[in-house]
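With the sequence up front, the predicted model follows.
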Amino acid sequence: QTLTGTHPYGRFAAAIASLGDLDKDGYGAGRAAGPGWVSRWVLTSPVSPDVAVGAPLGGDGGSGQVFIFRGQSEGLMAAPTQRLDSPFPGPAAFGFALRGATDLDGNGYPDLLVGAYGADKVAVYWGQPVVVVHTQLSVPDGLNPELMACVLPGSGARVSW
């Protein structure tokens, strides 16, 4: 599988870090290999981990970006699920170095450290649980305002206005 960066001279894949199973979907082991000076990298394992890919000269201002790609049974998702823009101004080289798959705060989720060579700083992104909720609302096609005999489901209580 090959991923391609968004900026021709952004140095996409200058740094690559496995994040382990960031989203706890069961895809956490694997290896990634990339040369760093080109805008492509290749996954070298049949199991797809969640991966952070640095582009230290990417972004509109050229201050750097990091792209998060989620693993799945078919490999990595083709598009990043998250993009981290440099929080530092100027030519920060945000994404020059990456370290993932380490739980620094002990909450059971891997954290990500992003080096910004030009800013002489490291940004820490704390992994945390995310709850995704799917809801459904059923509404009848029509309501009769004259009928005042509505029953609250599951209780038998009559409701009216």
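Structure's in. What do you need? Fair warning: this is a prediction, and the values are worked out from it, not measured in the lab.

alpha carbons only for contacts and neighbour counts from here, please
Noted.

Flag the shaky bits of this structure, pLDDT-wise.
The chain contains residues with pLDDT under 70 at 21-48, 143, 148-149, 160-161.

in it, which strand has the most residues?
strand 94-102 (DSSP state E).

so after it, what's the next helix or strand?
Elements were assigned by DSSP states H and E; along the chain past strand 94-102, the next helix or strand is strand 111-116.

for the residue lying closest to Ile16 once chain neighbours are set aside, what are its contacts?
Once flanking residues are discounted, Ile16 sits nearest to Val53: 4.7 Å by CA to CA, 6 or more residues apart in numbering. Val53 sits next to 12-17, 66-69, 95 when contact means CA atoms under 8 Å, 6 or more residues apart in numbering.

The same query, at a cut-off of 6 Å, please.
With contact taken as CA atoms under 6 Å, 6 or more residues apart in numbering, Val53 is in contact with 13, 15-16, 66-67.

Spell out which strands sit alongside the helix or strand it falls within in the sheet and which way each one runs.
Assessed by DSSP H and E, Val53 sits inside strand 51-55. Paired strands of strand 51-55, with direction, are strand 15-18 (antiparallel), strand 65-69 (antiparallel) (DSSP bridges).

Make JSON lines from those strands and add mean neighbour count and distance to Arg99 to it.
Converted to JSON lines, those look like this (neighbours: other CA atoms under 10 Å; distance: least, CA to CA, whole Å):
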{"stretch": "strand 15-18", "mean neighbour count": "25", "distance to Arg99": "6"}
{"stretch": "strand 65-69", "mean neighbour count": "24", "distance to Arg99": "12"}
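
May I see those arranged in CSV, with distance to Cys150 as well?
What follows is those, written out as CSV (distance: least, CA to CA, whole Å):
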stretch, distance to Cys150
strand 15-18, 56
strand 65-69, 49
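
and of the ones you listed, who's closest to Thr6?
The closest of the strands paired with strand 51-55 to Thr6 is strand 65-69. By CA to CA, the value is 10.1 Å.
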